[in-house]
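1. What follows is a protein structure lacking sequence information:
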């Protein structure tokens, strides 16, 4: 299922351009500090509280700080004031230049480990982005220095829609609120893209957790919500707010392209309600009773080992400055809570919060774990863009090895169960096929197609025939005790078949699961396989291999080389039950890197 663009979705956010650095310490400054110490004011210089009466333009410690677009204006104001007031760090003035950049873009940049980033400090809106940037282990190191502000994630509605839901007197859990908001087709609910917005991801994950806590099928609930939102998704929180009816002059609540409610941060609602140019009635905020998660605005030093001592100390000094009373007042005027999530009445009131909505309880629960967030992101990815996957499973004798702690169940048993759970996560439009491999199958071939790759159709009783075919094939998977692992021939044959059947507009990928290394003596070589895969590759129509090694007997380097030749990745799991998570995470990563194809 593809996304529909909404009004203002094509807008761009502009950041501030960088200027060249001139990091130098002057002799004159040193002399001044000596005189200051002699005069008894050295302590003030060392604590960073000394303000010079003369110009310190040529001696300032220069820092570039990249911030989330929502908080960048307030932080820039604080930095400008610090420059004007000649606030110092270890006796040197600080020249902090603040630019606004989208969080997902910076996270992707840091994850790839590029060397020319040009900034020393990063202030995203959520710790989610640091997790994303560091997730692969090959990214630029980040040093957390604390949190600058907080803002709860809530549901913002136009007054008419809020009245229909009983605002402010009626309260809901996340699951109840979403169910009520999506009960009829004429209630238009939107959100920022969870793949590019922490607000969207936190809201969607909270819906799933709430549904599970209530005894409902959380996966089903979040999938249904994701499908609905995918038709009304925006790139950022600010753009999601602009899709509300009345956000532009002359746009009525009856316009079907406009939303009546969106998942927003409290700060985004504050900014919307404070905008004198917006013609819409002021927003009302619902704070779910099972706690609104927080945007937590973490402050990170970027690759601290590359910073000079002066830069590192100035970055820490500026972090401390952001917590001082005057800075807090600046952040408060922009709609941000303090880092401890204390709810100021002016911020809450302007944003649209009213008792008995539980705005004071925001964030006061166990935070959502990275694993849970990644799982939701996987569900989102396969919901908004249909997938076409073909899985091939190793059925050699070693797959009969019992899995520790699984009551005697074998690797093949647990693999089959994990693939079933994966199938249950996919929508009717998603396509899934199944192969098996071991030497001696089908007249000497190393592989056999069990179910051709087709759309799954609806789940449940009376659902799609493809699901039934796959379920039957899973039941019938059996090991070949004396079969060898014909990994290379199988992978190339699978890739050739998938390339011939490539479906534009879908996320096409292959899943190769094995617990051994290629030991077919009649097989092509690894170099021949990799060469063949590269020849079949097409950057405009990506077809990555998700290679999964089960157990420690596999050669992880082997499967990584095979997968990387296609733009995919190799993974190793100790327990086959982890296969489901690996597939979902891999789909998220594939979807994050590039669109499914460029037709």
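-> Sure thing, it's come through. Since we're looking at a predicted model, the values are computed, not measured.
2. Residue 101 and residue 107, how far apart?
-> Distance, residue 101 to residue 107, by Cβ to Cβ, to the nearest Å: 10 Å. To be clear about C-beta, it is placed using only N, CA and C from the backbone, and glycine gets the same treatment.
3. what does residue 497 give?
-> Here the criterion is Cβ to Cβ. By it, residue 497 lies 35 Å from residue 107.
4. Which residue ranges make up the domains of this structure?
-> 27-150+296-322, 151-295+350-372, 385-593 (automatic domain parsing).
5. show me where pLDDT drops low in the stretch 401-550 of the chain?
-> Flagging of the stretch 401-550 of the chain using pLDDT under 70 yields the residue ranges 459-463.
6. re earlier: and residue 101 and residue 107? Which one has more around it.
-> Shown here are residue 101 and residue 107; by other Cβ atoms under 10 Å, residue 107 has more neighbours (23 against 20).
7. ok, the more buried one - contacts?
-> Counting by Cβ atoms under 8 Å, 6 or more residues apart in numbering, residue 107 touches 124, 129-130, 132-133.
8. ok, now with 10 Å
-> Residues counted as contacts of residue 107 (Cβ atoms under 10 Å, 6 or more residues apart in numbering) are 122, 124, 128-135, 139, 196, 592.
9. ok, now residue 371?
-> Shown in contact with residue 371 (Cβ under 10 Å, 6+ apart): 581, 585.
10. Next one: it from residue 76, what distance?
-> For residue 371, the distance to residue 76 - Cβ to Cβ - is 35 Å.
11. again with residue 535
-> 51 Å.
12. More neighbours: these two, which one.
-> Ranked by neighbour count (other Cβ under 10 Å), residue 535 and residue 76 place residue 76 first, with 19 against 8.
13. which residues touch the more buried one?
-> Residue 76 neighbours (Cβ under 10 Å, 6+ apart): 16, 65, 67, 96-100, 330.
14. just those residues now: which is nearest residue 384?
-> Closest approach to residue 384 among the contacts of residue 76 (Cβ to Cβ): residue 100, at 26.1 Å.
15. if I read this right, the closest one contacts residue 119, doesn't it?
-> No - the criterion here is Cβ atoms under 10 Å, and residue 100 misses it with residue 119 at 11.8 Å.
16. what residues do those two have in common as contacts?
-> Overlap of the contact sets of residue 100 and residue 119 (by Cβ under 10 Å, 6+ apart) consists of 66-67.
17. one step back: between residue 101 and residue 107, which contacts overlap?
-> Joint contacts of residue 101 and residue 107 (Cβ under 10 Å, 6+ apart) are 122, 124.
18. Tell me where the model's unsure across the stretch 1-150 of the chain.
-> Ranges of the stretch 1-150 of the chain meeting pLDDT under 70: 1-55, 57, 114-116, 136-138.
19. Mind doing that once more with 90?
-> Scanning the stretch 1-150 of the chain with the threshold set as pLDDT under 90 gives 1-60, 91, 108-109, 111-118, 132-139.
20. where do the strands sit along it?
-> 61-67, 88-89, 92-100, 121-123, 142-147 (DSSP state E, counting those that start in this stretch).
21. Residue 351: which of those strands is closest?
-> Closest approach to residue 351 among the strands of the stretch 1-150 of the chain (Cβ to Cβ): strand 142-147, 19.5 Å.
22. in the helix or strand following that closest one, what counts as buried?
-> Helices and strands here follow DSSP states H and E; after strand 142-147, the next one along the chain is strand 151-157. Residues of strand 151-157 classed as buried: 151-157 (neighbour count, 16 or more other Cβ atoms under 10 Å).
23. returning to that earlier point: quick check on the contacts of residue 76: which are buried?
-> Among the contacts of residue 76, those scoring as buried are 65, 67, 96-100, 330 (criterion: 16+ other Cβ under 10 Å).
24. What separation is there between residue 180 and residue 189?
-> Taking Cβ to Cβ as the criterion, residue 180 is separated from residue 189 by 10 Å.
25. Spell out which residues are contacts of both of the two.
-> Shared contacts of residue 180 and residue 189 (Cβ under 10 Å, 6+ apart): residue 155.
26. Which one of the two is surrounded by more residues?
-> residue 189 (20 against 17).
27. how close does residue 267 get to residue 353?
-> According to Cβ to Cβ, residue 267 and residue 353 sit 12 Å apart.
28. which neighbours do those two share?
-> Common neighbours of residue 267 and residue 353, counting by Cβ under 10 Å, 6+ apart, are 152, 347.
29. how far away is residue 395 from residue 120?
-> Distance from residue 395 to residue 120, by Cβ to Cβ: 53 Å.
30. for residue 585, same thing?
-> Distance of residue 585 to residue 120, given as Cβ to Cβ: 30 Å.
31. Who has more neighbours out of the two?
-> residue 120 (25 against 21).
32. and the residue lying closest to that one once chain neighbours are set aside, what are its bridge partners?
-> Of all residues beyond its chain neighbours, the one nearest residue 120 is residue 63 (5.1 Å), with distances taken as Cβ to Cβ, 6 or more residues apart in numbering. Residue 63 has these beta-bridge partners by DSSP bridges: residue 96.
33. thought residue 63 was touching residue 99?
-> No - the criterion here is Cβ under 10 Å, and residue 63 misses it with residue 99 at 11.5 Å.
34. okay, and the common contacts of those two?
-> What both residue 63 and residue 99 touch, as defined by Cβ under 10 Å, 6+ apart, is the set residue 119.
35. who are the neighbours in contact with residue 421?
-> By Cβ under 10 Å, 6+ apart, the contact list for residue 421 reads 219, 577, 579-581, 583.
36. Turn the strands of the stretch 1-150 of the chain into a markdown table, including distance to residue 243.
-> Shown next, in a markdown table, are the strands of the stretch 1-150 of the chain (distance: least, Cβ to Cβ, whole Å):
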| stretch | distance to residue 243 |
| --- | --- |
| strand 61-67 | 24 |
| strand 88-89 | 43 |
| strand 92-100 | 21 |
| strand 121-123 | 26 |
| strand 142-147 | 29 |
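37. where's the dip in pLDDT among the contacts of residue 421?
-> Here the lowest pLDDT out of these sits on residue 219, with 60.
38. Phi, psi for residue 368 please.
-> phi -70, psi 130 (degrees, to the nearest 10).
39. so what does whichever helix or strand residue 495 is part of touch, helix or strand wise?
-> Using DSSP H and E, residue 495 falls within helix 487-500. With contacts defined as 3 or more Cβ pairs under 10 Å, 6 or more residues apart in numbering; DSSP states H and E, helix 487-500 has these neighbours: strand 387-394, strand 431-441, strand 445-455, strand 507-514, helix 526-536, strand 545-550, helix 556-564.
40. any idea how far the fifth one is from the chain center?
-> Centroid displacement of helix 526-536 relative to its chain, using Cα atoms, centre = their mean, to the nearest Å, is 32 Å.
41. Next: the fourth one.
-> Remark: strand 507-514 is offset 22 Å from the chain centroid, using Cα atoms, centre = their mean.
42. quick one: strands adjacent to that strand?
-> Strands adjacent to strand 507-514 in the sheet, as given by DSSP bridges, are strand 387-394 (parallel), strand 545-550 (parallel).
43. Any idea which of those gets closest to residue 321?
-> Taking Cβ to Cβ, strand 545-550 is the member of these nearest to residue 321, at 46.2 Å.
44. Now do the closest one: distance to the chain's middle.
-> Between the centre of strand 545-550 and the centre of its chain there are 22 Å (Cα atoms, centre = their mean).
45. Which positions within the helix holding residue 495 qualify as buried?
-> 487-495, 497-499.
46. hmm, back to that, tabulate the helices and strands packed on helix 487-500 (JSON lines), appending distance to residue 299.
-> JSON lines is the format used below for the helices and strands packed on helix 487-500 (distance: least, Cβ to Cβ, whole Å):
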{"stretch": "strand 387-394", "distance to residue 299": "37"}
{"stretch": "strand 431-441", "distance to residue 299": "43"}
{"stretch": "strand 445-455", "distance to residue 299": "47"}
{"stretch": "strand 507-514", "distance to residue 299": "35"}
{"stretch": "helix 526-536", "distance to residue 299": "43"}
{"stretch": "strand 545-550", "distance to residue 299": "35"}
{"stretch": "helix 556-564", "distance to residue 299": "35"}
